[in-house]
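Visitor: Provided below are the primary sequence and the corresponding predicted coordinates.
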Amino acid sequence: MSQFDVHKGDNPRILFFLWIVLVASGVLVAGLAWRQLIAMNEYKELEKRQTERRILKPGPRGDIYDRNGRLLVGNRPHYSAVVYLDDLRKEFRKEFVVVRDAADATLVEEFEQTPLELRPDTVPIANRSDCAWTARMNVIQRYVDQINQITGRDDTLSRSKVIRHFNEQLLLPLPLVEDLSPDQYARLIEQLHPKHSPIQVHTDTARYYPYGVAAAHTLGYVQNVNPDPEDIPSDGIKTYTFKTKRGKTGLERSFDDLLSGTTGTEMWRVDPLGFQDTRLDMVPPKQGEDLIASIDIDLQLAAETALGDRTGAAIALDVRTGEVLTIVSHPSYDLNDLSPFIPRTTFDEINERGAWLNRSLQLSYPPGSTFKLITSIAGLRAGTFNTETKHDCQGVYRLGNRIFRCHARYGHGVVDLAGAIEGSCNVFYYTEGLKMGIDILSAEAICFGLDQKTGIEVPYETSRLVVPSKEWKREKVGAGWVPGDTANTAIGQGFLLVTPLQMATVIASIARGETRTQPTLRALSREEGMQVNHGGEPIGLTQKQYQKLWEGMQRVIGPDGTGRLVQIDGLPIAGKTGTADFRAHGKEVNLAWFVGFAPADNPQIAVAVMVEGTKASDSYHGGSTAGPVAKDIFLKFIEKYPERAGFPIAQ
Amino acid sequence: MAQLRLDKLKPIVALGVFLIAWWVVPTFVKSFLKVSFTEFQAPAWIVSSYLDDLEGFWARRSHSKIELIEAGRELAREKAYYQYYAQRNESLEAEVERLESILNLPSRREFRYEVARVVRRDLSAWWQQIIIRKGNDYNIPEGAAVIFSGGVVGRVVEVNAFTSCVELVTSPNFRMAATLEGDGRPVVYQGILQSGFGDPEGTVRDAPQDLVANSQAPLKLVSTQLGGTFPPGLMLGTVAWLEPGSTGIFQAGTVLLDERLLSLNEVAVLIPLNPLEFDTDAP
């Protein structure tokens, strides 16, 4: 038998092993086929999860323009010096060796100096993790120092920030120095080697407000936040995200969805330690949509200047459409100070001045004599008095044993409705208010929407609005309604609380002969403007009643009226002044009001101004304090829109 | 047979020994050797450049008297022209200083200039450098701006005893802050790998979104004083198009540079007279 005969196919031992090998191979092939063909997707997913990382880059926000296309809120470059930790790994390792050796040497020295009886059994070694973090911090701080040397800054980086970045955002660049000024940015660009230095100058965007303090409360600001978890794909791939900007207040908040950009995506393949290796895909972010606001920045600036350093609010509305042309609240703040982030000192300083509050719609005040227009309309509609009604004002009104005074010490004499509006005669309104009663009065105020938020597209409008009624007083104050309450309400005092924006909508409604005005901060197209439905009803006065009311309001701006300082040659203005007493911060202070519209014969713009006394010595009056602010707004309106103001345009 | 094979390996062994020796040699020895090598080469380059100058001189000597007289007249005209502009510049400078003092603006960084001949051009796709015939002997500082009549040439990256090495704006290793003429916002200019064909090019990025460039109305890219190295307004090149960059808001584009950059014979080095101040000299 040759030596090869044992390999013959009929050898049972051979056949036995052959079958074992065949079966084993079959199992392997089947397993391979299972993994490669059937479970392929599962392994692909697993491999993707292990080796791929996603970076989400939020898109820049859209701009906000005024109604004439002037930029109110834009984006400015926000420069920072950053470093990718992946680029520093070699240095980390070198520094680690140095730090570890130094720490070990120190421990050995301490060990040797320890008396024999106190010595541990073995020479201690330094904590390797501590050494690693110390080494990383040393390397990173060296780069921060280099930046400081070039830019003249004095920045440091906290260990906790680096650790947090390392653990949570390893693939994203670590910001070493943020918010570089343009010259610091330029110096880094020129003095850092583009190839050899791991420091990169990163350009992002921050919000930019060309007009600083103008309309600050209305425009609002943004906050850098982590994106919603819902916005992050849930496919199991680890995702790193840059912070995104979300509107915190004002239009930035109300139109956040419109203004927010589309997030871009980068897909990276990473090495086993999690550092980036190859970029697989990139979808660039896109800027958000622009918003055209109804504000006219020239009118806004005129109102801001006119209000000056005083505390208060001023609003101008387009009578027909309800578009807000101007909305001012003082004290204010420079929005640029809040971008890209709000420093603690800035926050405290604004807080101390009470400037965070938007006085045009977040605080409510007694409307004072401007409310007499509502009282007048209520009486005329209810028929409790008419255009011929007259009262003799002797300066006081006696109600039981209480004396209610008129602001004219010796009285206005005999006045009718127009005269009462012109001279703001309290006695006329005490008498008529008591005659009609609180039910009619509050029903009229409610009809004009004074018990509801206006619904303007700015968040945090106050709900502390009070149109008092018998039930309200019983519920909130726990006392019964007395005639004195009605007398006070009739002249806009007592429990009444409204916002300046509400009074602007009231005067715009009266100008249009309707009960409601829906204010909006969005610029409307001509077509949209034609189709505006404010949701109210016609006031329903007779022609004669309107004439009397109009006559009174125009006489307010006349030579003997309380609002004579608002007079402008050639522009018929109808309005009403008001001076209210108000208790703020434990002090009794004045509130000066002016509401009015122009031109009186073809109303185009409605203005409400409220100036708040901040100390007891402030002696503010509607006509002399709030009136001139309104006048400046009217003057700017004539300058900007001479045709609408009824002024011929020079050809 | 075996002996023959070992003989053939000798050069490889020698190279290996050299590389190992170079690897273990301390860094300061390496840099000393590098500098020495440069300094050793420099005289040859300088002599060569002087010979070139001499050659040019003799070439001009061969021109006829009529031609030389004509050239002299042309030079006189040019001189008068430049003298007029120099006077105009002086009066404008005085006016600028007066306005700056009225407006209480921070003083600008002042420079003196050193004109230097180009002795060598080291141009390839990856590096773009020139060697100039002035160095420590003229107090040329490292990092100084280098310009020519067409604008920015580059920056001094290495200074030797009698020569200096200038990184050209075309080099991928050159980066500077710049502005687009008429706009004060800084952008980044950087050189790129040059193809070797056509005009030299660079890139610009971080250009604001509202700027529009097209071939009919290209934007001029000029230097800015923000970085402290260059005086403002020196021409870098033109930007014929801009497109949105990866940030979604800033734009990036290509900068067409002056074709003379690759054939320069003479440049001026701007040497700062006052140190760079922090914050105060920023506009």
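Guide: Perfect, thanks for sending it.

Visitor: C-alpha from now on. contacts and neighbour counts both.
Guide: OK.

Visitor: so what's the residue count around the residue in the stretch 101-250 of chain B that chain A sits nearest to?
Guide: The stretch 101-250 of chain B approaches chain A most closely through residue B:227 (4.1 Å), counting by Cα to the nearest Cα. As a burial measure, residue B:227 scores 26 neighbours (other Cα atoms under 10 Å in any protein chain shown).

Visitor: quick one, strands of the stretch 151-283 of chain B?
Guide: Ranges of strands in the stretch 151-283 of chain B, per DSSP state E, counting those that start in this stretch, are B:151-159, B:164-168, B:175-180, B:186-191, B:201-207, B:219-223, B:235-244, B:251-257, B:266-272.

Visitor: pLDDT of the first one, averaged?
Guide: Going back to what we said before, that points to strand B:151-159. In this model, strand B:151-159 has a mean pLDDT of 94.

Visitor: got the buried residues for it?
Guide: B:151-159 (16 or more other Cα atoms under 10 Å in any protein chain shown).

Visitor: now the nearest residue to residue A:581 once chain neighbours are set aside: how far from residue A:510?
Guide: Among residues not flanking residue A:581 along the chain, residue A:590 sits closest, at 4.9 Å (Cα to Cα, 6 or more residues apart in numbering or on different chains). Residue A:590 sits 26 Å away from residue A:510, going by Cα to Cα, to the nearest Å.

Visitor: more neighbours, the two?
Guide: Neighbour tally, residue A:590 and residue A:510, criterion other Cα under 10 Å: the higher count belongs to residue A:510, 27 against 24.

Visitor: quick check, that one in a helix?
Guide: Yes - under DSSP: H, G, I helix; E, B strand; the rest coil, residue A:510 falls within a helix.

Visitor: from residue A:176, how far off is it?
Guide: Per Cα to Cα, residue A:510 is found 59 Å from residue A:176.

Visitor: same check, this time on residue A:532
Guide: Using Cα to Cα, residue A:532 is found at 52 Å from residue A:176.

Visitor: quick check: residues of chain A near chain B?
Guide: Taking Cα under 8 Å from any Cα of the partner chain as the contact definition, chain A meets chain B at A:59-60, A:151-152, A:182-190, A:193-195, A:203-204, A:284-287.

Visitor: and those residues, which of them are in strands?
Guide: A:203-204 (DSSP state E).

Visitor: in PyMOL, how would I select the buried members of the residues of chain A next to chain B?
Guide: The PyMOL selection below is limited to those of those classed as buried (16+ other Cα under 10 Å):
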select buried, chain A and resi 59+60+151+182+183+184+185+186+187+188+189+190+194+203+204+284+285+286+287
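
Visitor: partner strands of whichever strand in chain B runs longest and their direction?
Guide: Of all the segments of type strand in chain B, defined by DSSP E, the longest one is strand B:111-123. Strand pairing for strand B:111-123, determined by DSSP bridges: strand B:128-132 (antiparallel), strand B:266-272 (antiparallel).

Visitor: and the helices in chain B?
Guide: For chain B, the helices defined by DSSP state H cover B:2-24, B:27-61, B:65-103.

Visitor: now residue A:601, what's its secondary structure?
Guide: Secondary structure for residue A:601, judged by three-state DSSP, is coil.

Visitor: give me the low-pLDDT residue ranges for chain B?
Guide: Applying pLDDT under 70 to chain B flags residues B:1-6, B:125, B:246-248, B:276-283.

Visitor: how about the spatially most central residue of it, nearest residue that isn't a chain neighbour?
Guide: Nearest to the geometric centre of chain B sits residue B:154, at 1.9 Å (Cα atoms, centre = their mean). Spatial nearest neighbour of residue B:154, excluding adjacent residues (Cα to Cα, 6+ apart): residue B:168 at 4.3 Å.

Visitor: what sits against the one you found?
Guide: Residues near residue B:168 by Cα atoms under 8 Å, 6 or more residues apart in numbering or on different chains: B:128-130, B:153-155, B:174.

Visitor: residue of the stretch 301-450 of chain A nearest chain B, please.
Guide: Closest point on the stretch 301-450 of chain A to chain B, by Cα to the nearest Cα, is residue A:340, at 16.4 Å.

Visitor: same check, this time on the stretch 501-650 of chain A
Guide: For the stretch 501-650 of chain A, Cα to the nearest Cα, closest residue to chain B: residue A:523, 22.7 Å.

Visitor: what's opposite residue B:242 in the beta bridge?
Guide: residue B:253.

Visitor: my guess is it meets residue B:213, correct?
Guide: Yes - the criterion here is Cα atoms under 8 Å, and residue B:242 meets it with residue B:213 at 5.9 Å.

Visitor: and these two? Which one has more around it.
Guide: The residue with more neighbours, out of residue B:242 and residue B:213, is residue B:242; 23 against 17, by other Cα under 10 Å.

Visitor: what's the spacing between the more buried one and residue B:190?
Guide: 15 Å.
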